[in-house]
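> below is the structure, and that's it, no one-letter string:
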């Protein structure tokens, strides 16, 4: 079973204060790039894996999706999503452990996931589940923490005497769990190389359409100068694939 870190009081309190938690999709620097990788959702059956506060579910519903289902392991996240959606949004939210997920065949046209897959131990199993759950030609679009960001056993900037920041990368080729202290102690994520992730998609039968190692645009950096440090190393990996 995946670690349900989001239901811990200390983690949830910290997560709720993040810009992406308060501002939604517009508060996520990678959203503009990820959005361009999505198909037109009008009339589609949409599934959001690790839906969190339900920001993408509401976006899909507002943009004409025929059905929207959001799955998450955290009851706290789902409660917030349900409260924000209201009774007439046409969105269903259900509790699910993505490490043990099963889905009906050909039941969705788009499966989306934002920053959830790095919590899973076995993405090959999930990719196989998603592949059979998509209609022929269906889309799978997701973001995950970039392996370079996840690899360090002690993640964090190293600052030299001149104030220059560098990101240490050690044990990149040693895949497996990483325990870090982010918003709370003992947050477990599962490091995989880019090759492992992409090959798992290929083995599951997907055709890969686009892969992007996220970098903020010049306009984003001008609006938020603190984003300039993201040019030093990729924080997110964005992938679009089709059945």
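Nice, I can see it. The structure presented is a predicted model; accordingly, all values stated were derived computationally and were not measured.
> which elements pack onto the longest strand belonging to the chain?
In terms of residue count, the longest strand belonging to the chain (DSSP state E) is strand 134-145. Applying 3 or more C-beta pairs under 8 Å, 6 or more residues apart in numbering; DSSP states H and E, one finds that strand 134-145 contacts strand 108-114, helix 123-133, strand 236-242. (Each C-beta comes from the backbone N, C-alpha and C, glycine too.)
> tell me the strands beside it, with direction?
Within its sheet, strand 134-145 is paired with strand 108-114 (parallel), strand 236-242 (antiparallel), according to DSSP bridges.
> residues in contact with the last one?
Put plainly, it is strand 236-242. Contacts to strand 236-242, defined as C-beta atoms under 8 Å, 6 or more residues apart in numbering, come from residues 30, 33-34, 37-38, 115, 137-147, 149, 194, 197-198, 201, 206-214.
> and for the closest residue to residue 160 other than its chain neighbours, the neighbour number?
Distance criterion C-beta to C-beta, 6 or more residues apart in numbering; nearest residue to residue 160, sequence neighbours excluded, is residue 166 at 7.3 Å. For residue 166, the number of neighbouring residues by other C-beta atoms under 10 Å comes to 11.
> quick check: residue 166 vs residue 75, distance?
40 Å (C-beta to C-beta, to the nearest Å).
> nearest spatial neighbour of residue 31, skipping sequence neighbours?
residue 25 (4.7 Å).
> what's the answer for residue 141, then?
Leaving aside its sequence neighbours, residue 141 sits nearest to residue 240 (C-beta to C-beta, 6+ apart; 4.9 Å).
> burial measure for the one you found, as a count.
When neighbours are counted by other C-beta under 10 Å, residue 240 registers 20.
> name the residues linked to it by a beta bridge.
According to DSSP bridges, beta-bridge pairing links residue 240 with residue 141, residue 210.
> ends of stretch 147-165, what's the gap?
Start-to-end span of stretch 147-165 (C-alpha to C-alpha, to the nearest Å) is 19 Å.
> list the buried residues in it.
147-152, 155 (16 or more other C-beta atoms under 10 Å).
> helices - which of the residues you listed land there?
147-150 (DSSP state H).
> go through those residues and say which is closest to residue 71.
Nearest to residue 71, judged by C-beta to C-beta, of those is residue 150 at 22.7 Å.
> just the helices in this protein please.
With DSSP H as the criterion, the chain has helices at 9-15, 19-23, 31-35, 55-62, 75-85, 123-133, 147-150, 194-203, 218-223.
> packing partners of the fourth one?
Judged by 3+ C-beta pairs under 8 Å, 6+ apart, the packing partners of helix 55-62 are strand 45-49, strand 67-72, helix 75-85, strand 91-95, strand 108-114.
> many thanks, we can stop here.
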